[in-house]
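Asks: Sequence first, predicted coordinates after that:
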Amino acid sequence: MEVVTENKVLSFVEGFKKPETLTSTRKEAIQALNAMDFPTTRVEDWKYTRVGRITKKNFVQRETALKSIENLTIDGLDAHELVFVNGYFNEALSSIKEDQSVSIDRIDNISEEYYAGLVEDTEENVFSLINKAYQTGGVFINVKKNTKANRPIHLIHHVTGEETIANVRHFVQMESGSKAEIVTSYSSSSAPNAFSNVVFEGHLESNANLTIQKIQREEKNVFHIANELFVQDEGSNFTINTITTGGLLTRNGLNVLVEGENCHTEMNGAYLGVDKQHIDNHTLIDQMYSNCTSSETYKGVMDGKSVGVFNGKVIVRQDAQNIEAYQSNGNVLLSDHASVNSKPELEIYADDVRCSHGSTTGQIDEDAIFYLRSRGISKDNAKKLMVAAFIGDVLDKITNEALRASIDELFFEEYGWKF
Amino acid sequence: MLTIKNLHASVEEGAEILKGLDLEVKPGEVHAIMGPNGAGKSTLASVLAGKDGYEVTEGSVDFDGKDLLELETEDRAKEGMFLAFQYPVEIPGVSNINFLKTAINEIREYKGEEALSAKDFMAKVRSASKVVDLDPKLASRSVNTGFSGGEKKRNEIFQMAMLEPKLAILDETDSGLDIDALRIVSDGVNKLRTKDNAVIIITHYQRLLDYIQPDFVHVLADGKIVKTGPKELALELEDKGYDWLTEENQTV
């Protein structure tokens, strides 16, 4: 008798191409996938996000050219622009300007030894492994010691074509005392049921300062799962702002491991759901050393039948004394059918810490709406003003003016909200 | 300008608060509506402004030829009605300026007028701030957020100056004001008076009427106007209280 057991992960990746010579990262990922399965909602980390509608699809890798990136760049950002179409690097559309402090290479050229040493004990999931096994492009960015990138680095991602999978993988190495800002934007066109499967990792060496701005504005028929991992060494300062308006299902999985004293970590997020969108922000800050601070603010506005998920965990290890960690999640529901699952978590093993966390979910203040209407503002505009005000304090964390202007424009186009 | 006839209104839970109220306000007039607690003063203000939670069961309200009760709250404002709130709402994140610009331009659009230019708008903000001596910094802060009681009331009159209503209803505007703030707020209202606009002052106490002289004083008790007189009536009420009127009313 023959027992046929089908490995769902292996059939998912069956048609994916890979290079003839494999880096050790690829080899290990391919190896690890043999023993993996896709998570169900019985797995705590995926309790509120079902991935079945992604894993049942037959995705294809599709290298496509784009005519122009006119609508994908950000006016006035004046950035190094690196363009990835369906997960493939598009050199013709990219422009790297003169900058002594930054070097940009293909991800496959990263030192395997350095990379392996850094991520040795970190946890992978099936999606990050699929990415690492079958990634089709991405960059290794290095910012040199004690220098500052002379302009932002804009990683422009675009997906197109039905059921396309884009496995893009990036790594940024911030050498000691360096400083940079990376904008990473995701968009799509004519890409029903496409899947952006993203890995973005980085290392902040001592006293480095890195700001990442993520804009996920893919069309509302695209799946997006990101696994983002950043390791902070002593005295480093890391900020990431995540703005999500796009995707049918978006999961921003963000882990920050703080592996040195005197670090500051800041995570802010704004997410806006309409129709049947599902937006999941899953974050972890792991404080392992003393005298660090972290601040996390996520705000969501959910309309239609959309579902929001916030699962933010802060761990303060036993040896990490004098930690200040702040975490908050606020949500506004604009419809009776929208919902949010909010799960802020603190796991504290040290004695001397100042931590706070909180979560609120509610409707717009009716008294305020009445007040605005009594001054001649229509109900619709009153709501817009209130929502813009609610989400505005998260957007105010984005100090890059050109970027902020483009986000304001995005919100106005999508929702009619003015700031 | 405003004609209220036999107005009956209940809260949604059922209790009738206004029980046949009549009032006629003409351009250029100032009317004071006084009365004991629970007489229905604030209900009157809420019903006129169109607040949810009240049901008009009988009567009519005509505002310059329009059936006021048929209009949405925002359209009442667009037609020129203004309510200065007893408890102005704090709205964190919405700047006074942004909010008033939205309001003014919506009102102008309703009237078929062009949007105000940024320059004209700012000029208006400056002149309106002067009316109530409002720090221009407060004008750009979030609506009422972190304002003192007095600042909130000044902000109400500042908004009135910006919106230039035909009819302003001041609901207990004097409550919680110290003597200096009371003077500033009432000076502001007096500066805004013209022969074409009107003011209804709803108040429990006579002291505001020392500063804003009413043409008529009405006593509202148990949901009706039980007495109307000249401004001296306010002094009499201050002296004798309301009991003599409510008793008189009951015996009639």
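Replies: In hand now; what should we look at?

Asks: thought residue B:68 was touching residue B:49?
Replies: No. Counting by Cβ atoms under 8 Å, residue B:68 does not reach residue B:49; the two are 9.8 Å apart. In this view, the C-beta of every residue, glycine as well, is placed from N, C-alpha and C.

Asks: shared neighbours of the two, which are they?
Replies: B:76, B:81 (Cβ atoms under 8 Å, 6 or more residues apart in numbering or on different chains).

Asks: Specify the local secondary structure of the residue of chain A found nearest chain B.
Replies: Closest residue of chain A to chain B, Cβ to the nearest Cβ: residue A:389 (2.8 Å). Look at residue A:389: counting by DSSP: H, G, I helix; E, B strand; the rest coil, its state is helix.

Asks: residues touching it, list them.
Replies: Counting by Cβ under 8 Å, 6+ apart, residue A:389 has contacts B:91, B:92, B:93, B:94, B:142.

Asks: got TSV for those, with distance to chain A and pLDDT too?
Replies: Compiled in TSV, the contacts of residue A:389 are given as follows (distance: Cβ to the nearest Cβ, whole Å; pLDDT from 0 to 100):
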residue	distance to chain A	pLDDT
B:91	5	92
B:92	7	88
B:93	3	85
B:94	4	89
B:142	8	90
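
Asks: Specify which member of the residues you listed is nearest to residue A:326.
Replies: Nearest to residue A:326 out of the contacts of residue A:389 is residue B:92 (Cβ to Cβ; 18.2 Å).

Asks: Give me the pLDDT value at residue B:235.
Replies: Model confidence at residue B:235, expressed as pLDDT, equals 86.

Asks: same question, the one 10 residues further on
Replies: You'll see residue B:245 listed with a pLDDT of 77.

Asks: residues near it, how many?
Replies: 20 (other Cβ atoms under 10 Å in any protein chain shown).

Asks: what kind of secondary structure is it in?
Replies: helix.

Asks: That one: what's it in contact with?
Replies: B:219, B:221, B:226, B:227, B:237.

Asks: Reduced to three states, what does the nearest residue to residue A:52 once chain neighbours are set aside come out as?
Replies: Nearest residue to residue A:52 in three dimensions, chain neighbours excluded: residue A:38, at 7.8 Å (Cβ to Cβ, 6 or more residues apart in numbering or on different chains). On the three-state scheme (three-state DSSP), residue A:38 is labelled coil.

Asks: Might one say that residue A:38 is in contact with residue A:50?
Replies: No. At 10.0 Å, residue A:38 does not count as touching residue A:50 under the criterion of Cβ under 8 Å.

Asks: Could you check which of these two has the larger neighbour count?
Replies: Shown here are residue A:38 and residue A:50; by other Cβ under 10 Å, residue A:38 has more neighbours (18 against 14).

Asks: What is the burial count for residue A:385?
Replies: 28.

Asks: Look up how far residue B:95 lies from it.
Replies: 10 Å (Cβ to Cβ, to the nearest Å).

Asks: cool, residue A:52 as well?
Replies: For residue A:52 relative to residue B:95 (Cβ to Cβ), the value is 45 Å.

Asks: Pick out whichever of these two has more residues nearby.
Replies: residue B:95 (19 against 10).

Asks: And the pLDDT at residue B:248?
Replies: 62.

Asks: Which of the helices or strands spans the spatially most central residue of chain A?
Replies: With distances taken as Cα atoms, centre = their mean, residue A:252 lies nearest the centre of chain A, 4.3 Å away. Assigned by DSSP states H and E, residue A:252 falls within strand A:249-258.

Asks: So for that strand, mean pLDDT?
Replies: Rounded mean pLDDT across strand A:249-258 is 98.

Asks: can you tell me which residues contact residue A:233?
Replies: Per Cβ under 8 Å, 6+ apart, neighbours of residue A:233: A:176, A:203, A:204, A:205, A:206, A:208, A:259, A:260, A:263.

Asks: Could you rerun that using 10 Å?
Replies: For residue A:233, the contact set (Cβ atoms under 10 Å, 6 or more residues apart in numbering or on different chains) comprises A:174, A:176, A:203-208, A:258-261, A:263, A:289.

Asks: before we move on, the earlier item: and the gap between the residue of chain A closest to chain B and residue B:142?
Replies: Taking Cβ to Cβ, one finds residue A:389 at 8 Å from residue B:142.

Asks: Mutual contacts of those two, please.
Replies: In contact with both residue A:389 and residue B:142: B:91, B:92, B:93, B:94, B:95, B:98, B:99, using Cβ under 10 Å, 6+ apart.

Asks: Those in helices, which ones?
Replies: Among the shared contacts of residue A:389 and residue B:142, the residues falling in helices (DSSP state H) are B:98, B:99.

Asks: Tell me the one among the shared contacts of residue A:389 and residue B:142 nearest to residue B:163.
Replies: residue B:99 (11.2 Å).

Asks: wouldn't the closest one be in contact with residue A:385 here?
Replies: Yes. If you go by Cβ atoms under 10 Å, residue B:99 and residue A:385 touch, sitting 6.5 Å apart.

Asks: Between those two, which contacts overlap?
Replies: A:372, A:377, B:91, B:143.

Asks: now the first one, what's its secondary structure?
Replies: Yep, that's residue A:372 we're talking about. Going by three-state DSSP: residue A:372 is helix.

Asks: Residue B:129 too?
Replies: From three-state DSSP, the assignment for residue B:129 is helix.

Asks: Setting the sequence-adjacent residues aside, check what's closest to it.
Replies: Residue B:129's closest residue in space is residue B:136 (Cβ to Cβ, 6+ apart), at 5.2 Å.
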